[in-house]
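1. For reference, the sequence and a predicted model appear below.
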Amino acid sequence: MRRHRRSRILATLGPASSSRERIRALVDAGADVFRLNFSHGSHADHAERYRLIRDVERDVGRPIGVLMDLQGPKLRVGRFAGGKAVLATGAAFRLDLDPAEGDAGRVCLPHKEIFAALEAGTELLLDDGKLRLRVERFGPDHAETTVLVGGVLSDRKGVNVPGVVLPISPLTEKDRDDLAFGLELGVDWVALSFVQRPEDIAEARRLVGERAWIMAKLEKPSAIEHLDEIVARADGIMVARGDLGVELPPQRVPVLQRRIVEAARAAGKPVVVATQMLESMITAPVPTRAEASDVATAIYEGADAVMLSAESASGQYPVEAVGIMDRIIAEVEQDPAWRIGLEASHTPAAATTPDAICCALRRIAGLLAPAATVAYTVSGFSCLRASRERPATPILALTPKLAVARRLALVWGVHPVPFEEAANLEAMVDDAAAAAVRFGLAGPGDDLVVIAGLPSGRAGSTNLLHVLRIPDAPPAR
């Protein structure tokens with residue numbers, strides 16, 4: 001069951017990766033968690049993919065996480081007579097609520113929320129930023145603009161409003177239906193799109209409760225302004241570089257990626273770097289050197305996971321894309337500079353008992369070089385705090401809850417295993433030794449560090465650190 005790398009791989013399933021054989025091949029190649037993209041596909045499609053993931057999970061004997069990615073609000077223009085129009089640079093162009101087909105002078109924008117948030121001088125980006133408009137005058141049902149960057153605009157192209165907080169929920173009616181369906185399926189993570197403010201996380205939390213962990217997708221500039229508050233409220237963070245790169249100049253995206261990763265790591269929240277990581281492998285069997293460097297950069301920064309989108313969902317080489325990502329991660333993690341960088345970017349622990357225990361764990365791992373750390377966890381909290389420290393040893397997570405083990409499959413350095421709850425300290429020590437040997441993390445004569453909470457069974461109660469040496473004949477469990 002062991003992955004010999006610390007960082008994880010999140011692979012999107014789609015038409016190119018929906019068979020049982022292909023999903024198994026992706027796991028064998030290195031996929032740890034699968035993403036179900038609810039922007040595409042039917043509920044029946046996702047239910048079948050979920051069923052196949054669980055079939056493969058039983059075969060491989062390792063918990064596999066499933067993340068559902070909600071579509072979120074999609075702001076789009078209406079339709080044009082003839083399907084498209086040419087907007088000339090410098091020309092006037094009107095956006096309004098009239099559903100009539102558009103032309104070179106106007107088009108419907110069926111989102112009154114946008115008009116409510118506009119100001120004179122606001123810039124609108126169309127079709128992923130290919131066209132740019134400046135608002136001159138506006139009302140509750142229209143905006144008169146000047147075309148700053150013209151071009152061809154076709155039906156239903158997207159609209160971005162950078163620098164403006166729009167008065168809309170990140171959860172559309174479609175998202176709410178999808179969310180209820182995904183939670184009923186049993187997904188482990190919910191990725192929330194279009195996060196603009198901390199309150200968006202609270203809204204999703206009221207619907208999700210404890211049934212899954214929430215991952216905030218940071219793709220709006222307004223979210224960056226509230227970065228620390230959003231990180232504090234979410235269970236995980238995704239650097240969604242696609243829309244972020246549309247609404248911001250491209251030179252700012254690498255800087256923000258690093259800032260977001262640092263903020264998530266400091267808070268001990270899993271962080272995923274996503275979008276166009278191996279984009280050329282949609283049609284090519286190998287990535288570009290720049291793409292390989294992009295993946296490596298995320299690993300050097302200490303990201304918990306890197307994500308494949310179309311590369312694994314609809315590309316021609318999904319298994320090869322996971323395989324090369326696996327090898328890039330492994331290569332980086334063998335570089336001494338990677339460990340030096342993690343140590344240099346480490347932030348002080350909080351003044352709490354769990355963080356003090358995990359801080360001590362990191363120091364012990366550096367001094368004694370134990371074979372592994374064993375963390376007993378009910379809620380996953382102790383493993384998240386241990387992973388935050390980025391210890392030199394792998395973390396074997398023993399939990400009585402399969403759902404928690406699946407969520408932890410995304411977390412840096414953690415090897416989650418569903419395990420019976422130990423009754424006392426002696427049983428914990430025996431189980432830790434047996435599990436570490438069974439899963440190939442340690443052998444007789446190796447040292448282990450065990451962290452847990454006593455009395456056992458309470459979430460967030462980590463208060464024990466125990467160092468042990470595995471006997472020549474560890475107890476069989």
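-> Perfect, I can see it now.
2. Low-confidence stretches in this protein?
-> The model of the chain has pLDDT under 70 over residues 1, 457, 473-477.
3. tell me the domain boundaries of it?
-> In terms of domains, the chain is parsed into 8-73+171-338, 81-160, 353-469 (source: automatic domain parsing).
4. Minimum distance to residue 2: which of the ones you listed has it?
-> With Cβ to Cβ as the criterion, residue 2 lies closest to domain 353-469 of the domains of the chain, at 4.9 Å. Where you see a C-beta, it was placed from the backbone N, CA and C, and this is true even at glycine.
5. Turn the domains of the chain into a markdown table, columns for distance to residue 345 and mean neighbour count.
-> Below are the domains of the chain laid out as a markdown table (distance: least, Cβ to Cβ, whole Å; neighbours: other Cβ atoms under 10 Å):
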| stretch | distance to residue 345 | mean neighbour count |
| --- | --- | --- |
| domain 8-73+171-338 | 6 | 20 |
| domain 81-160 | 32 | 16 |
| domain 353-469 | 9 | 21 |
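6. Using a markdown table, please lay out the ones you listed together with distance to residue 2.
-> What follows is the domains of the chain, written out as a markdown table (distance: least, Cβ to Cβ, whole Å):
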| stretch | distance to residue 2 |
| --- | --- |
| domain 8-73+171-338 | 9 |
| domain 81-160 | 41 |
| domain 353-469 | 5 |
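7. Out of the ones you listed, flag the one nearest residue 347.
-> That would be domain 8-73+171-338 among those, by Cβ to Cβ, at 4.4 Å.
8. And that closest one, how far out from the chain middle?
-> Domain 8-73+171-338 sits 4 Å away from the centroid of its parent chain (Cα atoms, centre = their mean, to the nearest Å).
9. Straight-line length of that domain, end to end?
-> 15 Å (Cα to Cα, to the nearest Å).
10. what do you get for stretch 59-75?
-> So stretch 59-75: terminal residues 42 Å apart, Cα to Cα.
11. cool, and stretch 71-87?
-> 29 Å.
12. would you put the C-alpha positions of stretch 182-200 in PDB?
-> Provided in PDB are the C-alpha atoms of stretch 182-200 (Å, rounded to 0.1, in the frame of the first residue of the first chain):
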ATOM      1  CA  GLY A 182     -22.500  13.600  -4.300                       C
ATOM      2  CA  LEU A 183     -22.900  13.500  -0.500                       C
ATOM      3  CA  GLU A 184     -25.400  10.700  -0.900                       C
ATOM      4  CA  LEU A 185     -22.800   8.900  -3.000                       C
ATOM      5  CA  GLY A 186     -20.200   9.300  -0.300                       C
ATOM      6  CA  VAL A 187     -17.600  11.700  -1.700                       C
ATOM      7  CA  ASP A 188     -14.800  12.600   0.600                       C
ATOM      8  CA  TRP A 189     -14.000  16.100  -0.500                       C
ATOM      9  CA  VAL A 190     -16.200  18.900  -2.000                       C
ATOM     10  CA  ALA A 191     -14.400  21.500  -4.100                       C
ATOM     11  CA  LEU A 192     -16.200  24.800  -3.900                       C
ATOM     12  CA  SER A 193     -15.900  27.000  -7.000                       C
ATOM     13  CA  PHE A 194     -16.200  30.800  -7.200                       C
ATOM     14  CA  VAL A 195     -15.200  31.500  -3.600                       C
ATOM     15  CA  GLN A 196     -15.000  35.300  -3.100                       C
ATOM     16  CA  ARG A 197     -15.300  35.700   0.700                       C
ATOM     17  CA  PRO A 198     -15.000  33.700   3.900                       C
ATOM     18  CA  GLU A 199     -18.800  33.600   4.200                       C
ATOM     19  CA  ASP A 200     -19.000  31.400   1.100                       C
END
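13. Strands of the stretch 101-250 of the chain, residue ranges please.
-> 106-108, 123-126, 131-139, 142-149, 151-154, 159-160, 189-192, 213-218, 236-240 (DSSP state E, counting those that start in this stretch).
14. Compare those and give me the one nearest residue 198.
-> strand 213-218 (9.2 Å).
15. So residue 208 is in contact with residue 201, correct?
-> No. In this structure, residue 208 is not within contact of residue 201 by Cβ atoms under 8 Å, at 9.9 Å.
16. and for those two, which residues touch both?
-> Common neighbours of residue 208 and residue 201 (criterion: Cβ atoms under 8 Å, 6 or more residues apart in numbering): residue 214.
17. Could you pull out the helices in the stretch 201-350 of the chain for me?
-> Ranges of helices within the stretch 201-350 of the chain are 221-225, 227-233, 241-247, 253-267, 289-300, 310-313, 318-333, 336-344, based on DSSP state H, counting those that start in this stretch.
18. Serialize those helices to JSON lines and add fields for distance to residue 56.
-> What follows is the helices of the stretch 201-350 of the chain, written out as JSON lines (distance: least, Cβ to Cβ, whole Å):
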{"stretch": "helix 221-225", "distance to residue 56": "34"}
{"stretch": "helix 227-233", "distance to residue 56": "32"}
{"stretch": "helix 241-247", "distance to residue 56": "28"}
{"stretch": "helix 253-267", "distance to residue 56": "29"}
{"stretch": "helix 289-300", "distance to residue 56": "24"}
{"stretch": "helix 310-313", "distance to residue 56": "14"}
{"stretch": "helix 318-333", "distance to residue 56": "13"}
{"stretch": "helix 336-344", "distance to residue 56": "30"}
